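Undergrad: Provide a 3D model corresponding to the input given below.
(one chain, ligands or ions: 1)
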Amino acid sequence: MSVHTILKMGDPRLLRQAQPVEQFDTPELHALIADMFDTMHAADGAGLAAPQIGVDLQLVIFGFRQNQRYPDAPAVPETVLINPVLTPLGEEMEEGWEGCLSVPGMRGVVSRWTRLKYSGFDQFGNVIEREVDGFHARVVQHECDHLDGILYPMRITDFRRFGFTEILFPDMDPNADD
Ligand code: NI
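TA: As a prediction, the model looks like this:
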């Protein structure tokens, strides 16, 4: 297990359409996921997508009980989601602040579907299907966007609400964001 370097915005590997995972429950897949959790936890992230460490696969992880980067966010179950499909439930969207480990030190307001269904597989090939809302739904949409080569700044519509975390949220623990 090891902590990987997280690619930063501007790296063309973050802009690829990721490839589907075809083999589950392999030593390579388990090792990759262990490394992703190590990397996410080392950065205190709420989620991480494989393309962020340069791996061109449709694989995301997310979840936390308490997160310094998002101190007000409710807990999200620790999840491995492979080859995901997202389906919005209803038309409602909501705005919220997002950051990204590939865009360090910044936050912006992004509009996301309020409720959605997501499906896919875990690392063993078991089907995952959930209906979620709120921050859980936001995290899933953010992470799965990485699999389509989309970083959250590409979804910002009002750049007056985009800036440096230390300026926007001066009370936040400075170690909670880099
Ligand atoms: Ni991100």
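
Undergrad: quick check: which ranges of this protein have low pLDDT?
TA: 174-178 (pLDDT under 70).

Undergrad: just the helices from it, written as ranges.
TA: In the chain, the segments counted as helices under DSSP state H are 27-42, 134-147, 165-168.

Undergrad: got the buried residues for the shortest one?
TA: So that's helix 165-168. T165, L168 (16 or more other Cβ atoms under 10 Å). Where C-beta positions appear, they are placed from N, C-alpha and C, glycine not excepted.

Undergrad: check stretch 5-19 too.
TA: Within stretch 5-19, the residues that count as buried by 16+ other Cβ under 10 Å are I6, L7, L14, A18.

Undergrad: and of those, the nearest to G45?
TA: Distance to G45, by Cβ to Cβ, is smallest for I6 among the buried residues of stretch 5-19, at 8.4 Å.

Undergrad: run a quick neighbour tally on the residue nearest to the closest one when sequence neighbours are not counted.
TA: Among residues not flanking I6 along the chain, L101 sits closest, at 4.9 Å (Cβ to Cβ, 6 or more residues apart in numbering). L101 has 22 neighbouring residues, counting by other Cβ atoms under 10 Å.
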